[in-house]
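Engineer: 3D model of this:
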Amino acid sequence: MKISKGAIITIIFALSILLIIVSAIKEGEPTSYPKLHSYLNNAFNENEYGVSIYTEEGENVTDSFLEENRELYEKGDMDEIVDKFVDSNYILGMKNFSPDDE
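Structural biologist: Numbers count the residues shown, from 1 in each chain. Predicted coordinates:
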């Protein structure tokens, strides 16, 4: 079976367009867990929400979590910090929750 040059060019062009569309969609994806990003970011700063981090057993690991992830925070890698939080099945607690944060 012989394929013409025009068909090959059309296929390459269509694949290129498809890759561009997929890349644009992927870049436009919203951040996972946007509120969690915000609350953990707050914990690294002024902690006006009174954020605490607990294990499933109820152990407060806030200080150790912040210390272990300080370098990632300084690099601006909040996605990695959120992934670690989620992967560890930690529970987020807040003393000063505002209804405006819903």
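Engineer: show me where this protein has helices.
Structural biologist: 5-27, 34-44, 62-68, 70-75, 78-87 (DSSP state H).
Engineer: mind checking which of these is nearest Ser52?
Structural biologist: helix 62-68 (4.9 Å; C-beta to C-beta). C-beta: built from backbone N, CA, C; applies to glycine.
Engineer: what is the closest one packed up against?
Structural biologist: Under the contact criterion of 3 or more C-beta pairs under 8 Å, 6 or more residues apart in numbering; DSSP states H and E, helix 62-68 touches helix 34-44, strand 51-54.
Engineer: go again using 7 Å as the cut-off
Structural biologist: If contacts are counted by 3 or more C-beta pairs under 7 Å, 6 or more residues apart in numbering; DSSP states H and E, helix 62-68 sits against strand 51-54.
Engineer: what residues sit buried inside the strand it packs on?
Structural biologist: Val51, Ser52, Ile53 (16 or more other C-beta atoms under 10 Å).
Engineer: now the terminal residues of stretch 76-96, how far apart.
Structural biologist: Using C-alpha to C-alpha, to the nearest Å, the end-to-end distance of stretch 76-96 comes to 25 Å.
Engineer: and the contacts of it?
Structural biologist: With C-beta atoms under 7 Å, 6 or more residues apart in numbering as the test, stretch 76-96 has contacts from 32-33, 36-37, 39-41, 48-56, 69, 72-73.
Engineer: repeat that for 6 Å
Structural biologist: Residues from elsewhere that reach stretch 76-96 (C-beta atoms under 6 Å, 6 or more residues apart in numbering): 33, 36-37, 40, 49-54, 56, 69, 72.
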